[in-house]
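K.L.:
Build me a model from this:
(one chain, ligands or ions: 1)
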Amino acid sequence: MKAIRVTQHGGPEVLKFDEVPRPKAGSGQVLIRVQAAGVNPVDTYIRAGGYGKNAELPYTPGFDAAGVIEEIGPDVEGCDKGDRVYTGDTVTGAYAEYAVCEADGAYSLPPNVSFAQGAAWGVPYATAYRALFHRANAEAGETVLVHGGSGGVGSAATQIARAAGLTVIATSSTAEGRKLVEENGAHYALDHSSPSYLDELMRLTENQGVDVILEMLSNVNLGKDLGVLSKFGRVVVIGSRGNVEINPRDTMSRDASILGMTLFNASQPELQNIHAAIYAGLENESLKPVIGKELPLSEAAEAHKAVMASGAYGKIILLP
Ligand code: NAP
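P.N.:
Modelled structure (predicted):
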């Protein structure tokens, strides 16, 4: 089968389109014929090396995939060959024509959802859901700032928060991105490249600040976030690409919390809870994954450059 292989860490050019043997489903596993694979920033960190969760070389990248069950391993119940499924974690890598995943990590794909959309939600929607409800304990009636609302996680967070009854303020640096966050249900769209956007946020919240912040670029924003939190506010650190200075007193005066998170820490029962909620939202169409770009699998290097560039617009998908 065709797959992307990484034999050494480095820039996007180390992603090689290659021929490898088709993997087999082991005990408790299924083999998926991949129709679409999702590209996440974490795929680029692991490819570059030096990231906490590194893959052993050589490997096939990618967590998110959607497709059809091709083969069922021993000791698997509750699924059939031909079932449409998606996953947010594979055993053998998602950037390939076939991928093995644990059977309890292969979730049913509603009939109204395309494979590309299926590959767009494993990591982003699960991250957004966990950040909002498992970490921040967000509640209907609260206000959330989705700081970085136009990408994969931000689009998901905006849709999920809106459907759950929060007031949503979401940001993007481009006019297209702000249009997208409004289409995703944000009540207000702000430009995080504007010098006065946090003043605008305070005006929108009548100087109360926001209850919850989902932060995509903490190394740039965490210090500023603490200044626009309401009393008892919570910031969830979802993304960070470096160090940042904060004033701890900004947390004291508000009884505020800074909450780290990684989806990799979610337990199996938590993942089942998350995916049940996401499935319901997809089925009733309150959640609709946004596909910004579809590229052939052979262009994985281009996809890795694009996912790290500014001007995010939904998800980037690879098609085997
Ligand atoms: P993405 O699709 O590339 O989106 C990035 C978002 O960040 C865009 O909305 C972008 O907006 C925005 N952004 C850029 N500069 C910003 C700034 N100065 N202030 C606020 N927002 C800014 O990436 P993603 O898949 O949504 O992931 C977002 C981050 O979360 C990444 O760092 C990723 O590694 C991390 N992540 C963490 C977990 C976890 O488990 N903790 C899981 C998934 C992702 P513009 O392009 O319009 O500037």
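
K.L.:
and Val153, how many neighbours?
P.N.:
Using other CB atoms under 10 Å, Val153 is surrounded by 26 other residues. In short, each C-beta sits where N, CA and C put it, glycine included.

K.L.:
name the element it belongs to?
P.N.:
Element membership for Val153 (DSSP states H and E) is helix 152-163.

K.L.:
what's the next secondary structure element after that helix?
P.N.:
Helix 152-163 is succeeded, C-terminally, by strand 167-171 (DSSP H and E).

K.L.:
Parallel or antiparallel, which strands does that following strand pair with?
P.N.:
Sheet pairing here is set by DSSP bridges, and for strand 167-171 it gives strand 143-147 (parallel), strand 188-190 (parallel).

K.L.:
and the stretch 151-300 of the chain, which residues reach the ligand?
P.N.:
Proximity of the stretch 151-300 of the chain to the ligand, by CB under 6 Å from any ligand atom, involves residues 151-154, 171-174, 177, 192, 216-217, 220-221, 238-239, 261-263.

K.L.:
So the closest residue to the ligand within the stretch 51-200 of the chain versus Leu214, what's the distance?
P.N.:
Evaluated by CB to the nearest ligand atom, the stretch 51-200 of the chain has Gly151 as its residue closest to the ligand, separated by 1.9 Å. Using CB to CB, to the nearest Å, Gly151 is found at 11 Å from Leu214.

K.L.:
One more: Ala175?
P.N.:
22 Å.

K.L.:
Which of these two has more residues huddled nearby?
P.N.:
More neighbours surround Leu214 than the other of Ala175 and Leu214, with 32 against 10 (other CB under 10 Å).

K.L.:
now the longest strand that the chain contains against helix 152-163, angle please.
P.N.:
The residue-count maximum for a strand in the chain (DSSP state E) belongs to strand 29-39. Calculated by axes from the mean of the first three to the mean of the last three CA atoms, to 10 degrees, strand 29-39 forms an angle of 100 degrees with helix 152-163.

K.L.:
And the helix ranked longest in the chain, what does it pack against?
P.N.:
Longest helix in the chain, counting residues (DSSP state H): helix 268-283. With contacts defined as 3 or more CB pairs under 8 Å, 6 or more residues apart in numbering; DSSP states H and E, helix 268-283 has these neighbours: strand 107-108, helix 122-129, helix 152-163.

K.L.:
And for whatever residue of the stretch 201-320 of the chain ends up closest to the ligand, the neighbour number?
P.N.:
In the stretch 201-320 of the chain, no residue comes nearer to the ligand than Gly239, which is 2.5 Å away by CB to the nearest ligand atom. Gly239 is flanked by 20 other residues according to other CB under 10 Å.

K.L.:
wait, what's in contact with the closest residue to it other than its chain neighbours?
P.N.:
Of all residues not flanking Gly239 in the chain, Met216 sits nearest, at 4.3 Å (CB to CB, 6 or more residues apart in numbering). By CB atoms under 8 Å, 6 or more residues apart in numbering, the contact set of Met216 is 147-148, 151, 153-154, 238-239.

K.L.:
Doesn't Leu132 lie inside a strand?
P.N.:
No: looking at Leu132 with DSSP: H, G, I helix; E, B strand; the rest coil, it is helix, so not inside a strand.

K.L.:
Pop out the phi and psi values for the residue lying closest to it once chain neighbours are set aside.
P.N.:
In space, and not counting its chain neighbours, Leu132 is closest to Ala138: 4.5 Å by CB to CB, 6+ apart. Backbone geometry at Ala138, expressed as degrees, to the nearest 10, gives phi -60, psi 150.

K.L.:
what do you get for Ala136?
P.N.:
With angles defined as degrees, to the nearest 10, Ala136 sits at phi -80, psi -10.

K.L.:
My guess is it contacts Ile238. True?
P.N.:
No: contact criterion CB atoms under 8 Å: Ala136 and Ile238 do not qualify, at 10.5 Å.

K.L.:
Those two: which is more packed in?
P.N.:
Ile238 (27 against 22).

K.L.:
just to revisit the earlier point, would you mind listing the outside residues contacting whichever helix or strand comes after the longest strand of the chain?
P.N.:
Next in sequence after strand 29-39, counting helices and strands by DSSP H and E, comes helix 41-48. With contact meaning CB under 8 Å, 6+ apart, helix 41-48 is reached by 6, 9-12, 14-15, 51, 53-55, 61-63, 95, 123, 239, 304, 307-308.
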